[in-house]
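Trainee: what shape does this take:
(chains A and B)
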Amino acid sequence: MLELRDIHKIYEGQPLLRGISFRVDVGETVCLLGASGSGKSTLLRMIAGLELPDAGQIFWDGNDLASTPPHRRDFGLVFQDYALFPHLNVFENIAFGLKMKNWTRSQITSRVHEVLELVNLRGFEARKVTDLSGGEQQRVAFARALAPRPRLLMLDEPLGALDRALREDLLNELRGILHQTRIPAIYVTHDQEEAFTIADRVLLLHDGLILREGTPKDVWVNPGSAWAAEFLGLGNVIEGKVVNSEWKVETRFGVFDVNCRHKHQAGQKVHLLARPLPVEDGSVLRGRVADAIFQSDRFKVTLENGLYFYLKDEPGVGQQIEVKVKIECLG
Amino acid sequence: MNSIFPRRALLWLAPLTFLAVFFFYPFFRILFFSFDPSTLNPSNLAFSFHVLLFTFYQAILSTLLTLLIGLPSAYLFAHFEFRGKSLLRALTAVPFMLPTVVVAAGFNALLGPRGWVNLGLANLFARLHHSLSPSPFIPFIGTLGAILLAHVFYNTTIVIRIVGNALSRLDPKLEQVARSLGADPPRVWWKVILPLLRPSLLAASLLVFLFDFTSFGVILLLGGPRFATLEVEIYVQALQLFNLPLAALLSLIQLLCTLTFSILYTRTLTYSTVQTAPRSPVTHKAQNVLDKIFVTSLIFLLSALFVLPMLALPLRSVSRLDADRGDRAQLQTGFTTDYYTELFINRNNSIFYVPPFQAAINSLGYAVATVLLSLLLGLPAASALAKPGRLEKILDPILILPLGASAVTLGLGFILAFGRLLTYPWLVPLAHTLVALPFVIRTLQPALASIPDRLRQAAASLGASPFRAWQTVDWPILRRATLSAATFAFTISLGEFGATALLARPEYPTIPVAIYRFLSQPGGLNYGQAMAMATLLMTLTTAGILLIEKLRLPGAGEF
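Mentor: Numbers count the residues shown, from 1 in each chain, chains lettered A, B, ... in the order given. Predicted coordinates:
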């Protein structure tokens, strides 16, 4: 299927992508997760053929795509701001790709009805796209991209412009559609929750490189770096120093026994991750409560020293507390 | 109606009276003459139809050519980044404000029989063959090509502004989505970009067509009277053949046409949809070879089209390029200020009763009168329009009507209405005021509307008398706009040719009239003096344009 090999791109004199390689397999949804400006969208445009890499190749089923223009690639695109054609109605927008492929009129009509059904917009054919709500516009954009049965679907922050509740609904629907159609997809986002919901595999893009790759669970369990843990919001990232014993790390919150994957020398700097949920047999962290915010089934408690935890019961502000949590080594 | 009504009506009194006497009365005189049974005879109608046909023909041809140059240029400015971009954009915009006589003189200096190109070729020929050349080498003056080229020169900026703005507002993602859906680049243009540009394309084409349709000076000076458009024929019939009824009939046809096109244009403006603006600028440097060839050749073409005529004019005004009498095989070249010093001398063979510089003094006098009069009438009208009520909704389009009437039609209307008063020179500034008034009002109105009432109330609550409040609140804001409006009126009056050509008395010529007369006379000295005067006019007008640009309120509309 799709394979990227060692893609490099320089943008305005700065290296933006410094050797990106990954694959997308049949029926798989891959999520490119990274901060804004990390080159996610540029990567998508290169796969679409709208921009050329400075070095590296893109293959489809083993064939180099370098000489294939965008309109011959059969890759669907969905943007955050929908990019619906304002001069065409819903039907004509969805039929656009089918007309380009010279489908017959009856084929087009039945396919448009089919995809409208798929995105829950039955009966919207004659509506003007400018009269639709944001969510409806995005459904039309999905339908338009899906209609010609693309070999690959690329979604560039598709839910970024929608409000929270709508985003969750559409995300679940989209997940269902992608599983149902088995179209391989690349989903670009900066929202880790979105990424973890929809992805079969997550790629963490940082500093022009893929920092971490794996299933959502893998990445959640083992983020692999301080930056990843912080970006994914997995908990408190604490800086520390290895003391004489290999597994003892000294931090400003105390000395902890941790289980690092690699051996460290005494005096080496390491980062630790303190997950915010308390556990029975965890290490002890202490502090005075600065704030407690109600979050439906728990309280997010922030301490004066900057640490935060999720607790069942609300502590009083100013109270000295002790929390037992799991502390992991990030390397 | 409360007490506000009489005050409002008072504001309208002067402007409306002026329009009634100097626009609508002449207009009805034109109607009266046109519908005279003796005017509406078959030969007159057939003649008018013929003239109308040619007017359409040259306007359509000019518009197509302007689109041919303007559309690639709009694409160039909307999509590419290159050095000197803003300068080139400014250069393409300058001609739009230049008086027609200056443009005609510029093209004459470049391509006319005594222009750089033809004299250069003649010189080359003389050197090679030691004999006199058949002159001119490239026939330009008196050809349809000259008219078309000048029209392209004038109006390309309209296409660049209107279509270019629409292009740069177009979301590049629409193009990307279309490509991903299987559309090749030509189909992207045909199915996505052109349909989205259609309103702006239509608006630009209509505006260009309107200007080409009503063009007068360019056609008379570069094409000559044999290119009988409605405008030129009105002038010829009225002034040279004294057939006022036929001129009136032609004027009426002209008015009906321009009114129709203006209404169509206003409609396209209201129907044009606004596209979502891209968040990041979409311009970039030319990357591949094809883009580089496109950008470079277009920059070259635009620079040649917009710089050469305007450069040829001032250079020609200080260069002696002519052969002396009796030694025709040998061209003399060199720097000279003769043409300028000659402006102050009244030669026996001159057609002037006064030395040419007197024309400059007349022009300045008319311009000052136009500024005063148009501000006097424009200020109350603009302040009434700044807070439009029911009355203003009706009166607004009426005020703009003179803009739709061509200058020659205005001139003819004056002749028909005030024929006996024509010996008085003050009819000229009155006609200029009619031309300038819509611009003055449109400049003042947004500034006046931008002053919130609360500021005046605050000033009053702090103890300011109404006059003090006006002086401290309104005037500082209004000063800029007033200066800008005054400059508008001044430059319009200086360059106005259509109405002036019909109204100016021989003993009171203006600068454009003097240039026209010099250009119609044979001889190198007359030609040189035309160049000198046109250069002076160009300098004055350019200074005016620069001042207006500097005073322009940010975000004010362009057309």
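Trainee: from now on I want contacts and neighbour counts done on CA atoms only, so please keep to that.
Mentor: Fine.
Trainee: which residues of chain B lie near chain A?
Mentor: B:171, B:173-174, B:176-184, B:192, B:195-196 (CA under 8 Å from any CA of the partner chain).
Trainee: residue of chain A closest to chain B, please.
Mentor: Nearest residue of chain A to chain B: residue A:71, at 3.9 Å (CA to the nearest CA).
Trainee: what average pLDDT does stretch B:262-282 get?
Mentor: Averaged across stretch B:262-282, the pLDDT comes to 64.
Trainee: just the buried positions in stretch A:137-146, please.
Mentor: A:137-146 (16 or more other CA atoms under 10 Å in any protein chain shown).
Trainee: contacts only, for residue B:67.
Mentor: B:156, B:159, B:205 (CA atoms under 8 Å, 6 or more residues apart in numbering or on different chains).
Trainee: apply 7 Å and report the result again.
Mentor: residue B:159 (CA atoms under 7 Å, 6 or more residues apart in numbering or on different chains).
Trainee: centre of the chain to the helix or strand harbouring it, how far?
Mentor: Residue B:67 belongs to helix B:42-79 when assigned by DSSP states H and E. Mean C-alpha position of helix B:42-79 versus that of the full chain (CA atoms, centre = their mean, to the nearest Å) differs by 16 Å.
Trainee: what is the mean pLDDT for that helix?
Mentor: 93.
Trainee: next secondary structure after it?
Mentor: helix B:85-97.
Trainee: what about the residue of the stretch 151-300 of chain B found nearest chain A, neighbour count?
Mentor: Taking CA to the nearest CA, chain A has its nearest neighbour within the stretch 151-300 of chain B at residue B:182, 3.9 Å off. Residues within reach of residue B:182, counting by other CA atoms under 10 Å in any protein chain shown, total 25.
Trainee: which ones are touching it?
Mentor: For residue B:182, the contacting residues are A:71-72, A:74, A:97, A:100-101, by CA under 7 Å, 6+ apart.
Trainee: mark which of the residues you listed are buried, thanks.
Mentor: For the contacts of residue B:182, a burial check counting by 16+ other CA under 10 Å picks out A:71-72, A:74, A:97, A:100.
Trainee: quick one on the thing from earlier: thinking the residue of chain A closest to chain B is in contact with residue B:185, fair?
Mentor: No: here residue A:71 does not reach residue B:185: they are 8.6 Å apart, not a contact under CA atoms under 7 Å.
Trainee: wait, a strand at the residue of chain A closest to chain B?
Mentor: No: the assignment for residue A:71 by DSSP: H, G, I helix; E, B strand; the rest coil gives helix, which leaves it out of any strand.
Trainee: still on that earlier bit, in helices only, show me the residues of chain B next to chain A.
Mentor: Counted as lying in helices by DSSP state H, out of the residues of chain B next to chain A, are B:173-174, B:176-180, B:195-196.
Trainee: elements contacting the host helix or strand of residue B:376?
Mentor: Assigned by DSSP H and E, residue B:376 falls within helix B:357-386. Here helix B:357-386 touches helix B:4-19, helix B:427-449, helix B:475-495, helix B:511-520, going by 3 or more CA pairs under 7 Å, 6 or more residues apart in numbering or on different chains; DSSP states H and E.
Trainee: what angle do the next helix or strand after that helix and helix B:427-449 make?
Mentor: Following helix B:357-386 in sequence order, the next helix or strand is helix B:390-404 (DSSP H and E). Here the directions of helix B:390-404 and helix B:427-449 differ by 140 degrees (axes from the mean of the first three to the mean of the last three CA atoms, to 10 degrees).
Trainee: all set, thanks.
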